[in-house]
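# quick one: sequence plus predicted model below, questions after.
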Number of protein chains: 2
Amino acid sequence: MSRSADRSAQGEALSRAVWSVLAEQGLERLTVRAVAAAAGCTTGLVMHRFPNRQALLLHARQLLHEITRNRVEELEASALTPRAALRAVLRQGLATDPQTRQEAVVWMGFLAAAVSDEGLISEHRRNNRAWRTRVERLTAAAAPDWPAERVATAALALVAMAEGMAALAAADPEAFPAAEQERMLDATLAAYGLSE
Amino acid sequence: MSRSADRSAQGEALSRAVWSVLAEQGLERLTVRAVAAAAGCTTGLVMHRFPNRQALLLHARQLLHEITRNRVEELEASALTPRAALRAVLRQGLATDPQTRQEAVVWMGFLAAAVSDEGLISEHRRNNRAWRTRVERLTAAAAPDWPAERVATAALALVAMAEGMAALAAADPEAFPAAEQERMLDATLAAYGLSE
DNA sequence: GTGTTACGGTAACACTCGTTACGGAACAGG
DNA sequence: CCTGTTCCGTAACGAGTGTTACCGTAACAC
């Protein structure tokens, strides 16, 4: 057990190093050597854990998705009402603190890297479709008597809004303070008739 | 005149080559040689026109902004009502056809490149703030009796929605057909009471 | 025609990239 | 203590990077 646990722990440490480099230095400096330096090891370990750079990035991307999915499911489970769940889940998708801001930068970096990486782009599409389906389900629960088409349209608006807000705030935190982002989220939920 | 016209025409051709590489091969393959190949010249010309790669990217970024701004101002000028202007301006920010889809991919590429490029990030912030101000002005004109804060919040929601929708559709065009994007835009305008 | 200048293609520079090969340390079984 | 195996740091390779120096050529002034 300790063997495989060590292996997966190393994989996670390297993935976190990938995120760190991606957030602080950008995609252009996301090299195997930079990742190794951020993880406090050498390129030997990196290339021993992963067959190549692509596999390293793909693992980091998948792990990031897994982590955010866990967080979202906890928020969803601990929400008191369907509408509170919808709001909480959307709120964590914004970029309102250093943690989520860094995640948004990393998210963007992976998206840009996916243009020339078949594995990353299909992973991105799978995750984004799952995310969209989740928000549709939460929206349907928050407005049980809406027809499916109305649910889908509102959910798409909410997903797009969260995605765009995160990108905007990640690139220009001073211009988009957390309070303003939340006010905007609440206004949009209210406009759609989805307030708590 | 022909001298300086040739120079700026070459600068524009090189910038278009930058966009092309960025859209088709991604940020990781955006090299001086790839740009030269896309422009049908050699690296000698590229480095003769621009002092270095950074300056080339910055010029391409600025030219992209200028072009989209011109397009937006034409749409705004030819709109019959303030609300039609708001809708038209937001609509062109989506990724509904090959042209705007490519622009969205390029936009994302520049954003990812800006993480490690001071010139690009400040340019991005300046442009995004101008864009936000424009949408605020259009929203105020579309709802003349709203208080400023309500205008600002609605405009932020619309800007975020357009930005996010473009990113989503650029990465997964099949999942987000043009009709669905437009339906979502109209639904959001209606939800905010900004329909025509 | 001739000298001058700006242009831009060629080739090379130093460097960094992903990846591979090698070698030694740590540990197991006997 | 010896031997085999696993792990991973070191060093190198070839390819590709941004950038620079050089030089042929075409256009222009006179």
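That came through fine. Numbers count the residues shown, from 1 in each chain, chains lettered A, B, ... in the order given.
# quick one, what contacts residue A:96?
With contacts defined as C-beta atoms under 8 Å, 6 or more residues apart in numbering or on different chains, residue A:96 is in contact with A:169, A:178, A:181, A:182. No exception for glycine: its C-beta is placed from N, CA and C like everyone else's.
# looking at chain A, which helix or strand is least sure?
Counting by mean pLDDT, DSSP states H and E, chain A has its least confident helix or strand at helix A:2-24, which shows a mean of 84.
# any idea how far it is from the middle of the chain?
17 Å (C-alpha atoms, centre = their mean, to the nearest Å).
# tell me what it is packed against?
helix A:32-39, helix A:43-49, helix A:53-78, helix A:98-113 (3 or more C-beta pairs under 8 Å, 6 or more residues apart in numbering or on different chains; DSSP states H and E).
# tell me what angle the third one forms with helix A:32-39.
Angle of helix A:53-78 versus helix A:32-39, following axes from the mean of the first three to the mean of the last three C-alpha atoms, to 10 degrees, is 40 degrees.
# who are the packing partners of helix A:53-78?
Counting by 3+ C-beta pairs under 8 Å, 6+ apart, helix A:53-78 packs on helix A:2-24, helix A:32-39, helix A:82-91, helix A:98-113, helix A:118-142.
# CA atoms only for stretch A:124-134, dumped as CSV, please.
Written as CSV, here are the backbone C-alpha positions of stretch A:124-134 (Å, rounded to 0.1, in the frame of the first residue of the first chain):
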residue,chain,number,x,y,z
HIS,A,124,-12.0,19.9,-21.1
ARG,A,125,-15.1,19.2,-23.1
ARG,A,126,-16.0,16.2,-20.9
ASN,A,127,-15.6,18.2,-17.7
ASN,A,128,-17.4,21.3,-19.0
ARG,A,129,-20.4,19.2,-20.2
ALA,A,130,-20.6,17.5,-16.8
TRP,A,131,-20.5,21.0,-15.1
ARG,A,132,-23.2,22.3,-17.4
THR,A,133,-25.4,19.2,-16.7
ARG,A,134,-24.9,19.7,-13.0
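# and that stretch, how far out from the chain's middle?
Distance of stretch A:124-134 from the chain centroid (C-alpha atoms, centre = their mean) equals 11 Å.
# check stretch A:164-175 too.
Counting by C-alpha atoms, centre = their mean, stretch A:164-175 comes out at 14 Å from the chain centroid.
# what does stretch A:12-31 give?
A distance of 15 Å separates the centroid of the chain from that of stretch A:12-31, by C-alpha atoms, centre = their mean.
# does DNA strand C sit close to that stretch?
Yes - shown here: stretch A:12-31 in contact with DNA strand C (C-beta under 7 Å from any atom of the strand) through A:29, A:30, A:31.
# which residues does the first one contact?
Which is residue A:29. Here residue A:29 is in contact with A:21, B:116 (C-beta under 8 Å, 6+ apart).
# and the pLDDT at it?
pLDDT, residue A:29: 96.
# distance check, it against residue A:56.
Residue A:29 is 15 Å from residue A:56, where distance means C-beta to C-beta, to the nearest Å.
# out of the residues of stretch A:12-31 next to DNA strand C, the closest to chain B would be?
When the residues of stretch A:12-31 next to DNA strand C are compared for distance to chain B (C-beta to the nearest C-beta), residue A:29 comes out closest, at 5.8 Å.
# got the domain ranges for chain A?
Split into domains by automatic domain parsing, chain A comes to A:1-50, A:62-191.
# weakest of the ones you listed in terms of mean pLDDT?
Among the domains of chain A, domain A:1-50 scores lowest, with a mean of 89.
# which residue does chain A have closest to DNA strand D?
residue A:44 (2.2 Å; C-beta to the nearest atom of the strand).
# enumerate every residue touching that residue.
By C-beta under 8 Å, 6+ apart, the contact list for residue A:44 is empty.
# that one and residue A:25: what is the separation?
21 Å.
# tell me the residues of chain A that contact DNA strand C?
A:29-34, A:43-44, A:47, A:51-54.
# what does chain A put close to DNA strand D?
Checking chain A against DNA strand D by C-beta under 7 Å from any atom of the strand, the hits are A:3, A:6, A:7, A:10, A:41, A:42, A:43, A:44, A:45, A:48, A:49.
# buried ones among these?
A:10, A:41, A:49 (16 or more other C-beta atoms under 10 Å in any protein chain shown).
# can I get those in a markdown table with distance to residue A:95?
Putting these into a markdown table (distance: C-beta to C-beta, whole Å) gives the following:
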| residue | distance to residue A:95 |
| --- | --- |
| A:10 | 29 |
| A:41 | 30 |
| A:49 | 30 |
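# nearest to residue A:15, out of the helices and strands packed on helix A:2-24?
Nearest to residue A:15 among the helices and strands packed on helix A:2-24 is helix A:53-78 (3.9 Å), distances taken as C-beta to C-beta.
# now the angle from that closest one to helix A:82-91?
Put simply, helix A:53-78 runs at 150 degrees to helix A:82-91, going by the same axes, to 10 degrees.
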